[in-house]
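J.: attaching a predicted model along with its sequence, questions to come.
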Amino acid sequence: MEQAETSRAPSSPAVEVDRLNVSYGEFQAVKDLTFRVEQGELYALLGTNGAGKTSALEVIEGHRKASSGTVQVFGTSPADRRAVRPRMGIMLQESGFSADLTAAESVRLIGRLSGRSDSVDRVLGIVGLTHKAATRVGQMSGGEKRRLDFATAVYGRPELIFLDEPTTGLDIQSRDALWAAVGELRDNGSTVILTTHYLEEAQQYADRIGLMHQGTLRSQGTVPELTRTLPAAIQFSLSPGAPVPPFGTTGPAGPAYQIETFELQADLKRLLDWADLHDVDLHGLSAAPTRLDDVFRAIETDPVPTPTR
């Protein structure tokens, strides 16, 4: 008897972008952009202002045509709105809700336009707006409108959710509630594409991150993969007359020293052992691992790569 096949074929990606280009006249906003987002993943697409993120996402969402290249959402062109739109929820930076509609009416309207079904009460409850169901949008605060944006995006538990600056204007409790809701959606299989200027959120919640600059994807990977591309830093200063540290220091700038290292723990131990052996005080000692914001800043100074074909 033949042994039963137990392995499963890998699932197709939720989003696949291949050599995407977007131009506005002579200006090329997106240049040969290629990446993929796996089903169930939270992928953060980050970049400097004017990096091309919005243009790229508008193509993926089906709101804009590509100048060249291909984009597929669940194996289908996003231009096929009838096939793709019911499967995706979109939270834009500004929703443009009618000021005369109530919160409940706004959610119900977006639900009908998306082709998904859900309970308005359930969705308003997720974002803590049940008590605002009958309140007109024009009478809501900025933070309440932002929570309403999120409610309309997750109506019907879509398979793919775009979150564009989702926590801007929210207090800490509302932020925590939003991310808890995102976690629940992911537990149920939803894929999330995030853009945010709060890098700590991307660092905490994203499975993988793509960094764009001047229209190109400059770096991509998990947070550990990205941060390993830059050295960590150990900083300290010495009293006048102290011996010079024997390894890896840049400086001094006056009495201050900095050690850049890809082996933070090992080099910190070496430094402490040296200081103990020579009875030296390390004033203002700090040891900081590389953070995502360090990688983000570094892409602005890297030369723009020449696209390959």
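T.: Thanks, I have the structure now.
J.: next, the buried residues of stretch 15-26.
T.: Residues 15, 16, 17, 20, 21, 22 are the ones in stretch 15-26 that count as buried (16 or more other Cβ atoms under 10 Å). C-betas here are computed from N, CA, C, even on glycine.
J.: where does pLDDT dip in the protein?
T.: Along the chain, the parts satisfying pLDDT under 70 run over 1-10, 248-254, 302-309.
J.: counting contacts, what elements does the biggest helix by length in it pack onto?
T.: For the chain, the helix reaching the highest residue count under DSSP state H is reported as helix 172-187. Here helix 172-187 touches helix 142-154, strand 160-164, strand 191-195, helix 199-205, going by 3 or more Cβ pairs under 8 Å, 6 or more residues apart in numbering; DSSP states H and E.
J.: at 10 Å what do you get?
T.: Applying 3 or more Cβ pairs under 10 Å, 6 or more residues apart in numbering; DSSP states H and E, one finds that helix 172-187 makes contact with strand 42-47, helix 120-126, helix 142-154, strand 160-164, strand 191-195, helix 199-205.
J.: quick one, the longest one and strand 160-164 angle?
T.: Pointing back at helix 142-154 there. 160 degrees (axes from the mean of the first three to the mean of the last three Cα atoms, to 10 degrees).
J.: tell me the angle of helix 142-154 relative to helix 172-187?
T.: Orientation check (the same axes, to 10 degrees): helix 142-154 against helix 172-187 gives 10 degrees.
J.: just the C-alphas of helix 142-154, formatted as CSV.
T.: Output of helix 142-154 as CSV, limited to C-alpha atoms (Å, rounded to 0.1, in the frame of the first residue of the first chain):
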residue,chain,number,x,y,z
GLY,A,142,-11.2,63.1,15.1
GLY,A,143,-10.3,60.0,17.1
GLU,A,144,-13.9,58.7,16.8
LYS,A,145,-13.8,59.2,13.1
ARG,A,146,-10.6,57.2,12.9
ARG,A,147,-12.1,54.4,14.8
LEU,A,148,-15.1,54.5,12.5
ASP,A,149,-12.6,54.2,9.5
PHE,A,150,-11.3,51.0,11.1
ALA,A,151,-14.8,49.7,11.7
THR,A,152,-15.7,50.0,8.0
ALA,A,153,-12.5,48.4,6.9
VAL,A,154,-13.0,45.2,9.0
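J.: tell me the buried residues in that helix?
T.: 144, 145, 146, 147, 148, 149, 150, 151, 152, 153, 154.
J.: for the fifth one, which non-adjacent residue is spatially closest?
T.: If I follow you right, that is residue 148. Spatial nearest neighbour of residue 148, chain neighbours left out: residue 103 (5.6 Å); criterion: Cβ to Cβ, 6 or more residues apart in numbering.
J.: residue 122 versus the one you found, what's the distance?
T.: Using Cβ to Cβ, to the nearest Å, one gets 13 Å for the distance from residue 103 to residue 122.
J.: the two - which one has more neighbours?
T.: Comparing residue 103 with residue 122 by other Cβ atoms under 10 Å, the one with more neighbours is residue 103, at 29 against 13.
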